[in-house]
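[1] how would this look folded up:
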Amino acid sequence: MVQETKGQLAVRRASSSSDLVVLSMTFMTFFAMSGVYFLVSYFAGDEFAASDQQIGTIAGGLLAAFIGSLVVFVSVLLLGMFMVRMQRQVMLGNALQVEYSDYAWLREWANQVAADLEMPRVEIFVTQDPVINAYAFGYIKPYTIVLHSGSIRYLTHDELKVVVVHEMGHIKFGHTHASVYISPFLVVPVINVIGTWIAGFWQRRTELTCDRLALMYMADSELVKEALIKVHIGPDVAKAMNETARQWLQYNAERPMNRLAQTFSTHPFLVRRLSHIDRWKSYVEPSANAVAAAASDAPQ
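    Numbers count the residues shown, from 1 in each chain. As a prediction, this is how the structure comes out:
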């Protein structure tokens, strides 16, 4: 039996089939909304006049409306794909590309991680922005990760590794692909308002999935949580996030209005991400009882 590598094990433990279920439901909802939208637009428009009551005329009009909507959808999709490629070109002209710089440790480490996760090598760019943040995009090679300069400045090397593995997860699990196909639904009037809210349910799940990948690969829950805390509240007060502050966040996060507020965000609340890491850390870290038992069994 072939033993799993570190990367294979991390990917298997982090992946979730329910993410695909939620994504499928999201697309089905989008298509249903789009169908209702174009039907309402047709019957409310000038095309549905009194002289158009004949079934053949209505069917022909609906077919024309459907074809027109399909053309618009494909056009927006192709435009979105083009803009993603242009986004990379902008980075090539304005940002530091780690692969061709003296920032060698990150380049070499990232290449090793990509190989471990059995995914294509990624381009990593650093752009000037004091806010700690990072994002990934791409639907074909080369895939791209962008790090804000604030991330380089305020995160330790290990914390930066957590962020990079998290972003690699978006590429590995196909989140960047799906985002491209979701985008046309988010530009149609009326649908975009509801569509953005619906897409958030899948987007928040992807963030938790990538957090899990960072945990499984780095095998250090405290490190992952420290990185998340810095990203959310900044480096200056990150150490002030004590247990009392976290319990207060947890208490508020469970209240109905806070649960509702989270549905308008693309990312889960910080305290939910921290709790998620705590629930999954047993996969990579021995429990305190197991450590104590091992210590007691050790020869004196």
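
[2] in the protein, what secondary structure element scores lowest on mean pLDDT?
    Using mean pLDDT, DSSP states H and E, helix 288-297 stands out as the lowest-scoring helix or strand of the chain, at a mean of 50.

[3] separation between Glu123 and Gln112?
    In this view, Glu123 and Gln112 are 16 Å apart by CB to CB, to the nearest Å. C-betas here are computed from N, CA, C, even on glycine.

[4] comparing the two, which residue is more hemmed in?
    When Glu123 and Gln112 are compared on other CB atoms under 10 Å, the one with more neighbours turns out to be Glu123, at 21 against 11.

[5] what strand or helix carries the more buried one?
    In this structure, Glu123 is located in strand 122-127 according to DSSP states H and E.

[6] quick one: list the elements packing against that strand.
    Here strand 122-127 is seen to pack against helix 55-94, strand 96-97, helix 104-116, strand 143-148, helix 149-154, helix 157-172 when contacts are counted using 3 or more CB pairs under 8 Å, 6 or more residues apart in numbering; DSSP states H and E.

[7] how about the ones you listed, which one is nearest Val190?
    Checking the helices and strands packed on strand 122-127 against Val190 by CB to CB gives helix 55-94 as the closest, at 13.4 Å.

[8] which elements pack onto that closest one?
    Using 3+ CB pairs under 8 Å, 6+ apart as the contact criterion, the secondary-structure elements in contact with helix 55-94 are helix 17-44, strand 122-127, strand 134-137, strand 143-148, helix 175-182.

[9] reformat the ones you listed as CSV; add mean pLDDT and distance to Arg259.
    Written out in CSV, the entries for the helices and strands packed on helix 55-94 read as follows (pLDDT from 0 to 100; distance: least, CB to CB, whole Å):
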stretch, mean pLDDT, distance to Arg259
helix 17-44, 84, 17
strand 122-127, 96, 34
strand 134-137, 97, 26
strand 143-148, 97, 29
helix 175-182, 95, 23
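
[10] right, and these - which one's nearest Val224?
    Distances from Val224 to each of the helices and strands packed on helix 55-94 were compared by CB to CB, and the smallest falls on strand 134-137, at 14.3 Å.

[11] leaving out the residues flanking it, which one is nearest to Gln262?
    Nearest-residue entry for Gln262: Phe269, 5.5 Å, with adjacent residues in sequence omitted and distances by CB to CB, 6 or more residues apart in numbering.

[12] was I right to think that neighbour contacts Gln250?
    No: at 9.4 Å, Phe269 and Gln250 do not qualify as touching, with contact defined as CB atoms under 8 Å.

[13] the two - which one has more neighbours?
    Under the criterion of other CB under 10 Å, the comparison of Phe269 against Gln250 puts Phe269 first, with 19 against 14.

[14] what about the protein, any weak spots by pLDDT?
    1-2, 41-65, 287-300 (pLDDT under 70).

[15] let's see it at 50
    Applying pLDDT under 50 to the predicted model, the residue ranges of the chain that meet it are 47-52, 288, 291-292, 294-295.

[16] for the helix or strand containing Ala199, which residues meet the burial criterion?
    Element membership for Ala199, per DSSP H and E: helix 191-218. Using 16 or more other CB atoms under 10 Å as the test for burial, helix 191-218 gives 191, 195, 198-200, 202-218.

[17] can you check stretch 274-289 too?
    Neighbour-count burial for stretch 274-289, counted by 16+ other CB under 10 Å, picks out Leu274, Ser275, His276, Ile277, Trp280, Lys281, Val284.

[18] nearest to Phe27, of those?
    Comparing the buried residues of stretch 274-289 against Phe27 with CB to CB places His276 closest, at 24.9 Å.

[19] in contact with the closest one, which residues?
    Leu208, Asp211, Arg212, Pro268 (CB atoms under 8 Å, 6 or more residues apart in numbering).

[20] again, only this time at 10 Å
    Counting by CB atoms under 10 Å, 6 or more residues apart in numbering, His276 makes contact with Glu207, Leu208, Thr209, Asp211, Arg212, Leu215, Val224, Lys225, Leu228, Pro268.
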